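*Asks:* Based on what follows, work out the 3D shape:
(one chain, ligands or ions: 1)
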Amino acid sequence: MIIISKKTIVIDPGHGGKDPGAVANGLIEKEINLDIAQKVGRSLKDYEAEVHLTRNDDSFVSLTDRANMANQLNADYFVSIHVNAGGGSGFESYIHTTENPGTAELRRIVHNRIMDFLSNKGIRDRGTKSANFSVLRNTIMPAVLLENLFIDNPSEAELLKDEIFRSNLALSITAGVAKALSLNKQQDDSSPSYDPVLALKETGLIKNYHQPDSNVTWWEFAVVMNRLLERIKK
Ligand SMILES: [Zn+2]
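*Replies:* Take a look at the predicted model:
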């Protein structure tokens, strides 16, 4: 008998509601965190995993409620998404100061997979760190907190403003989590292993990235169809 046990993953977009997080260069941390977390949540659907977000909109959720939610779900992994601030640059990840070697090993895999992507973008590795953060302390399962670049660093803020960059960053987080937890790919073809909206943008048929679940107007549809017809004519 084969027992397939789906792993449960909680993605935690930091801050929200009355707590904006760091604000700089026209960016608000809570918004970047939510966008990256939702992208990770969507791409994890390619895998045999149950995914929950601690918030799915701009609402305020307390730090203890975030940890409690993961504990009640009996989650296998908790991934908190943040953007750094304070005059530095680069990427760093945190586990709790008292964490065991298993948690450190999961983090090592996730951290390295994300840095594989970021180092190609010229982002420096600030290293694997530990801290007594509330969500890391109060979650009973392995947990990691990612500080994705610095919002107050002008060149890193430019990257964070780029939808394509955020999509690819999210894909690297997903790939890291999938590798760390040995997640199996979903067999179902209805879960594409790529982002079709991103793929369409790369062809130039659409100029901007759009949220995959947002609606298309007839105007937008007609513009894309006409661009396609123009190309066929050439
Ligand atoms: Zn934060």
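
*Asks:* nearest residue to residue 114 other than its sequence neighbours?
*Replies:* With sequence-adjacent residues excluded and distances taken as Cβ to Cβ, 6 or more residues apart in numbering, residue 114 is closest to residue 172, at 4.9 Å. Just so you know, the C-beta spots here come from the backbone N, C-alpha and C atoms, and that holds for glycine as well.

*Asks:* which secondary structure element contains that neighbour?
*Replies:* Using DSSP states H and E, residue 172 sits in helix 163-180.

*Asks:* quick one: average confidence on that helix?
*Replies:* In this model, helix 163-180 carries a mean pLDDT of 96.

*Asks:* One more: stretch 9-20?
*Replies:* Here the average pLDDT along stretch 9-20 is 98.

*Asks:* any idea how far that stretch is from the chain center?
*Replies:* 12 Å (Cα atoms, centre = their mean, to the nearest Å).

*Asks:* so what's whatever residue of the chain ends up closest to the ion up against?
*Replies:* For the chain and the ion, the shortest gap (Cβ to the ion) falls at residue 82, measuring 3.5 Å. Contacts for residue 82 were tallied using Cβ atoms under 8 Å, 6 or more residues apart in numbering; they are 14, 15, 21, 29, 33, 145, 146, 147, 148.

*Asks:* Quick check: what element follows the host helix or strand of it along the chain?
*Replies:* In this assignment (DSSP H and E), residue 82 forms part of strand 77-84. Later in the chain than strand 77-84, the nearest helix or strand by DSSP H and E is strand 91-96.

*Asks:* hang on, the earlier thing: give me the buried positions along the helix holding residue 172.
*Replies:* 163, 165-178, 180 (16 or more other Cβ atoms under 10 Å).

*Asks:* ok, residues contacting that helix?
*Replies:* Against helix 163-180 from outside (Cβ under 8 Å, 6+ apart): 9, 32, 35-36, 39-40, 43-44, 46-47, 49, 77, 79, 81, 105-107, 109-114, 116-118, 121, 146, 148, 159-160, 183, 195, 198, 201, 208-209.

*Asks:* Just the buried ones from those residues, in ChimeraX syntax?
*Replies:* Buried members of the contacts of helix 163-180, identified by 16+ other Cβ under 10 Å, are gathered into one ChimeraX selection as follows:
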select :9,32,35,36,39,40,43,44,46,47,49,77,79,81,106,107,109,110,111,112,113,114,117,118,146,148,159,160,183,195,198,201,209
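
*Asks:* SS state for the nearest residue to residue 141 once chain neighbours are set aside?
*Replies:* Among residues not flanking residue 141 along the chain, residue 75 sits closest, at 5.2 Å (Cβ to Cβ, 6+ apart). Here residue 75 is recorded as coil under DSSP: H, G, I helix; E, B strand; the rest coil.

*Asks:* next one: residue 8
*Replies:* Using three-state DSSP as the criterion, the local structure at residue 8 reads strand.

*Asks:* Verify the stated contact: it with residue 78.
*Replies:* No - judged on Cβ atoms under 8 Å, residue 8 makes no contact with residue 78 at a distance of 9.8 Å.

*Asks:* Which one of the two is surrounded by more residues?
*Replies:* Using other Cβ atoms under 10 Å as the criterion, residue 8 and residue 78 rank with residue 78 on top: 28 against 18.

*Asks:* Which ones among the contacts of helix 163-180 map onto helices?
*Replies:* Using DSSP state H, the subset of those located in helices is 32, 35-36, 39-40, 43, 105-107, 109-114, 116-118, 159-160, 198, 201.
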